[in-house]
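Student: pasting a predicted model and its sequence here:
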Amino acid sequence: MKLFSIFNFKKQRKVEYTAENVGDFYNTNHDAFIKVYGEVIQAFRTNNLATILQYQAEQIGIKSEHRVLDAGCGICGPARYFAKNNGCSIDAVTISKAQAEHANQLIQQENLSDKINVHVGDYHTVDKIFPKATFDKVYFLESFGHSYDKAQLLKAIWKVLKPGGEVYIKDLFRRISNNWLVQRKIDSEIIKINKAYYYDVSDLNTFVDVVRSIGYVIVFIKTIDIPLADFENLSISNEFQELTGIAKIDNWEKYIFPIDFFEIKLYKPEYDIEKGKHRYFLQNIYQLQMNHINKDELYVDVHFYKYPR
């Protein structure tokens, strides 16, 4: 029965929206998002927003010398925090013109125009916006699920990420139950979320297969390491549903929560044979051999980059 449920989930999760649909969704509901979420559009968040933003800066590994890509930036609440507190340079991408206009107003008010550049566009095509090997770090903060083609997205990110660079993803993933009846209810709720929010909640196993096939090394997959007492109880999502009527839950007593929040970090190998003591050395060798790549053909200026260890 469980196998049937998994198959049925995969069969039903055909993505039927575009980047333009996501942009229209955020443009239409912009005021509601700001009223409920404020400057940080994340459902799973701490009562004190500085707590989770500082935690995310540490997990991403942001340093002042880094050039960073915020993929799905909202109104740049996190980007502005990182730029002010970590001193990095950030390119922020959103599909929503309303978000971009609002973000630029706040960036100018806080004198951060020299640190943050906002781009309106589809993050699936960031490789058309930026040159190859541009970024030290890329992050998605509850924006990855809006992707209608996660393989295409991660391949585009691979191109603009420097060798030795890292991708950080914090998002919701499909819950798994050992009870097939519960699993069917979970999958039914996920379908509702996907349709309401132009989302595609990932199955974690499928996600892992995709990132490994592209060539990323998985640094970690884990639950967010902040005490549960510091978190809001997701009532903020309820407020948004009450305000907009979107995916409103009528009977909380019978509701089965269908998602888990994970944070994930991915690493793009440097393919530098000379760095034999590097912790990803074996993976680098493997990638070279499996793809029949001569290391001299990879990145001519690989030694130009300086990576923290």
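Tutor: It's in. Residues are numbered from 1 along each chain as shown.
Student: C-alpha from now on. contacts and neighbour counts both.
Tutor: Will do.
Student: flag every buried residue along stretch 148-157.
Tutor: For stretch 148-157, burial by neighbour count (16 or more other CA atoms under 10 Å) applies to 148, 150-157.
Student: go on, stretch 184-197?
Tutor: Per 16+ other CA under 10 Å, stretch 184-197 contains these buried residues: 184-187, 189-191, 193-194, 197.
Student: and of these, the nearest to Gly77?
Tutor: Tyr197 (20.4 Å; CA to CA).
Student: pull up the gap between the closest one and Leu49, please.
Tutor: Distance, Tyr197 to Leu49, by CA to CA, to the nearest Å: 23 Å.
Student: so which residue is dead centre in the chain?
Tutor: Centroid-nearest residue in the chain, with CA atoms, centre = their mean: Phe140, separated by 2.4 Å.
Student: so what's the nearest residue to it once chain neighbours are set aside up against?
Tutor: Leaving aside its chain neighbours, Phe140 sits nearest to Ile169 (4.8 Å; criterion: CA to CA, 6 or more residues apart in numbering). With contact set as CA atoms under 8 Å, 6 or more residues apart in numbering, Ile169 has these partners: 139-142, 144, 263-265.
Student: I'd like the residues you listed laid out as JSON lines, including secondary structure and pLDDT.
Tutor: Putting these into JSON lines (DSSP: H, G, I helix; E, B strand; the rest coil; pLDDT from 0 to 100) gives the following:
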{"residue": "Tyr139", "secondary structure": "strand", "pLDDT": "98"}
{"residue": "Phe140", "secondary structure": "strand", "pLDDT": "98"}
{"residue": "Leu141", "secondary structure": "strand", "pLDDT": "98"}
{"residue": "Glu142", "secondary structure": "coil", "pLDDT": "97"}
{"residue": "Phe144", "secondary structure": "helix", "pLDDT": "98"}
{"residue": "Glu263", "secondary structure": "strand", "pLDDT": "97"}
{"residue": "Ile264", "secondary structure": "strand", "pLDDT": "97"}
{"residue": "Lys265", "secondary structure": "strand", "pLDDT": "97"}
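Student: closest one of those residues to Asn178?
Tutor: Glu263 (22.8 Å).
Student: I'd say that closest one and Val167 touch.
Tutor: No - using CA atoms under 8 Å, Glu263 is not in contact with Val167, being 10.6 Å away.
Student: separation between the closest residue to Pro258 other than its chain neighbours and Ile259?
Tutor: Once flanking residues are discounted, Pro258 sits nearest to Ile186: 4.6 Å by CA to CA, 6+ apart. Distance, Ile186 to Ile259, using CA to CA: 8 Å.
Student: just Ile176 next, same as before
Tutor: Taking CA to CA as the measure, Ile176 falls 8 Å from Ile259.
Student: if we can go back for a sec, more neighbours, Glu263 and Val167?
Tutor: In this view Glu263 and Val167 are compared by other CA atoms under 10 Å, and Val167 has more residues nearby, 25 against 21.
Student: the helix or strand where that one lies: what's the following helix or strand?
Tutor: Per DSSP states H and E: Val167 is located in strand 161-174. Using DSSP H and E, the next helix or strand after strand 161-174 towards the C-terminus is helix 180-197.
Student: so where's the chain uncertain?
Tutor: 1-14, 233-234, 271-309 (pLDDT under 70).
Student: rerun that using 50 as the cut-off
Tutor: Counting by pLDDT under 50, the chain shows low-confidence ranges at 1-12, 276-277, 298-309.
Student: the protein: strands as residue ranges?
Tutor: 67-71, 89-94, 116-120, 135-141, 161-174, 217-222, 259-267 (DSSP state E).
Student: including distance to His30, could those strands go into a markdown table?
Tutor: Listed next are these as a markdown table, based on distance: least, CA to CA, whole Å:
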| stretch | distance to His30 |
| --- | --- |
| strand 67-71 | 18 |
| strand 89-94 | 13 |
| strand 116-120 | 15 |
| strand 135-141 | 17 |
| strand 161-174 | 20 |
| strand 217-222 | 31 |
| strand 259-267 | 24 |
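Student: closest to Leu53 out of these?
Tutor: Proximity to Leu53 (CA to CA) singles out strand 135-141 among the strands of the chain, at 10.2 Å.
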